[in-house]
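In: Could you work out the structure for the sequence below:
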Amino acid sequence: MRLKTITILFILVLCSLGNILAGEPDGYYSSTKDLSGEALKAALNDIIKGHKKYTYTSSATKDTWDILKETDIDPNNGDNVILFYSGRSVNGAQEYNSAKGWSRDHVWPQSRGDFNTNRGIGTDLHNLKPVSIPVNSAKNDRWMDVANPGNSYVFTYTVNNVTISTGSKICQSQDVWEPRDEDKGDVARILFYMATRYEGENGELDLELVKNVPASGGAYMGNIYTLLEWNREDPPDDFERHRNDVIYSYQKNRNPFIDHPEFANLIWKRTIKFAYDDSGNRISRTLGTIIVSTSTTASAETSVSAKAAIASTSTTDSTKTQPRVMETAINEEVIVKIYPNPTKGKIQLDVVGITNWENSAYQIYDSNGIVIRQASSVSATQQIDLLDASNGIYILCLSIDGKQYQWKIIKQ
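Out: Got it, this is the predicted structure:
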């Protein structure tokens, strides 16, 4: 009896230790203190990039099938996994099983960036979820938003002559997939992770969250406004936190937005960017630029923030994923337009809606936080010459009415 009691106590101690050890490691996000906007996004990218990669499917080594059986395990049945978008519990060991089992969904669709299932972005476990095969086909590469009530329906499918209602909705005219309420926050935080993890460095894609997703082409996903609402309305639960812990044990990186949902609003807020194609046609809207200072002149704080925003980054062939023109609505009256970006030498800076230019200035910072270009006043239109600047990533800081905004500029 005593031995049994000691054994039970030992198990309880182990379980308690497991709970203590779970979650974000001490100091994991220490470099993000007091950051916001592009600087916070860059700091998070530095933390989570370079993760360990696994194969999509392998009979010889642990693959994504194997790990998903742990990340999405049914807490009430260890042999099962919980399917995303429906909440069904199914046997995990069967895997695909000649289309009779379950499948793996890329929450950020492969076609929205043209990546495949090779090791890396295509096998990133944070973006993979177990789903039923019919749901995977129906969801396809639809973007995430609230489905139009007058032109949508709840997706259902049949298993052994039993109709399964997923609770997730499809709107054909919008090309929208609206996940069931229980999964909305999970979806948002997965997409926030992808847009932060993949920033166009070292030959990787630059994924961007936008308001209006193009019908095809481009590494875009959204709706960013809706995702921010879902993140607020459906906060992380124990299931999602467990999943984050398991993935961290394998990939050695975490989803910051599960640990800190507030990061999303700190990054994607206040202003709106408009992306253009090479012909100058507007193709999307995306949240982006953030106020980084209340000073109208260059400051040490701004220099540190700008340096953090581009630390440890490198220029790649970004023309396929970066907009040629960036237009930012700072408020209802003021619009800033910067182009071309990336640039081979000169960038055009146009500002519309300003009547008093006395409190305006700009600085461009290099990766060391050093000002390489500046002007004590800004006009409605000016050209900034970067011909003699080295190829790389720079931060343009624009001061208007005592507030400062920043954009990432790429010189190729």
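
In: For this protein, which helix or strand comes out least confident on mean pLDDT?
Out: Ranked by mean pLDDT, DSSP states H and E, the weakest helix or strand in the chain is strand 291-293, scoring a mean of 30.

In: Stretch 208-220: end-to-end distance?
Out: Start to finish, the residues bounding stretch 208-220 are 5 Å apart (CA to CA, to the nearest Å).

In: I meant to write stretch 60-68 there.
Out: 17 Å.

In: From what I see, residue 93 and residue 77 are in contact.
Out: No. Under the criterion of CB atoms under 8 Å, residue 93 makes no contact with residue 77, lying 12.0 Å away. Any C-beta I mention is one placed from the backbone N, CA and C, and that applies to glycine too.

In: Mean confidence (pLDDT) on stretch 68-84, please.
Out: Stretch 68-84 shows a mean pLDDT of 98.

In: That one: which residues count as buried?
Out: Residues of stretch 68-84 classed as buried by neighbour count (16 or more other CB atoms under 10 Å): 68-74, 80-84.

In: Please flag which of those residues sit within strands.
Out: Per DSSP state E, strands hold the following members of the buried residues of stretch 68-84: 73-74, 80-82.

In: what about the helices in this protein?
Out: Secondary structure of the chain by DSSP state H: the helices cover 2-21, 37-48, 64-71, 133-139, 181-197, 224-233, 238-251, 256-259, 263-267, 300-310.

In: weakest of these in terms of mean pLDDT?
Out: When these are compared by mean pLDDT, helix 2-21 comes last with a mean of 37.

In: Where does pLDDT dip in the stretch 301-412 of the chain?
Out: Low-confidence regions of the stretch 301-412 of the chain, defined here as pLDDT under 70, cover residues 301-324, 326-327, 329-333, 402.

In: ok, the residue nearest to residue 130 when sequence neighbours are not counted - contacts?
Out: In space, residue 130 comes closest to residue 81 once its chain neighbours are excluded; the distance is 4.6 Å by CB to CB, 6 or more residues apart in numbering. Counting by CB atoms under 8 Å, 6 or more residues apart in numbering, residue 81 makes contact with 68-69, 72-74, 89-90, 92, 102, 130.

In: can you put these in CSV and add distance to residue 219?
Out: Listed next are the contacts of residue 81 as CSV, based on distance: CB to CB, whole Å:
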residue, distance to residue 219
68, 24
69, 29
72, 26
73, 31
74, 33
89, 34
90, 32
92, 31
102, 27
130, 24
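
In: Which one of those residues is nearest to residue 250?
Out: Checking the contacts of residue 81 against residue 250 by CB to CB gives residue 68 as the nearest, at 10.6 Å.

In: if we can go back for a sec, go through the ones in strands among the buried residues of stretch 68-84 and name the one nearest residue 243.
Out: residue 73 (9.0 Å).

In: Now that closest one: closest residue in space, sequence neighbours ignored.
Out: Using CB to CB, 6+ apart, the closest residue to residue 73 is residue 81 (6.2 Å).

In: same deal with residue 190?
Out: In this structure, residue 190 finds its nearest non-sequential neighbour in residue 107, 4.5 Å apart by CB to CB, 6+ apart.

In: which residues are in contact with stretch 83-91?
Out: 72, 74, 76-77, 79-82, 101-102, 105, 107, 129-132, 135, 139, 164, 166-168, 179-180, 182-183, 186.

In: Can you tell me which of those residues are buried?
Out: Buried among these (16+ other CB under 10 Å): 72, 74, 80-82, 101-102, 105, 107, 129-132, 135, 139, 164, 166-168, 179-180, 182-183, 186.

In: Mind putting the buried residues of stretch 68-84 into a markdown table with distance to residue 32?
Out: Below are the buried residues of stretch 68-84 laid out as a markdown table (distance: CB to CB, whole Å):
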| residue | distance to residue 32 |
| --- | --- |
| 68 | 29 |
| 69 | 32 |
| 70 | 28 |
| 71 | 24 |
| 72 | 28 |
| 73 | 30 |
| 74 | 34 |
| 80 | 36 |
| 81 | 32 |
| 82 | 31 |
| 83 | 33 |
| 84 | 28 |
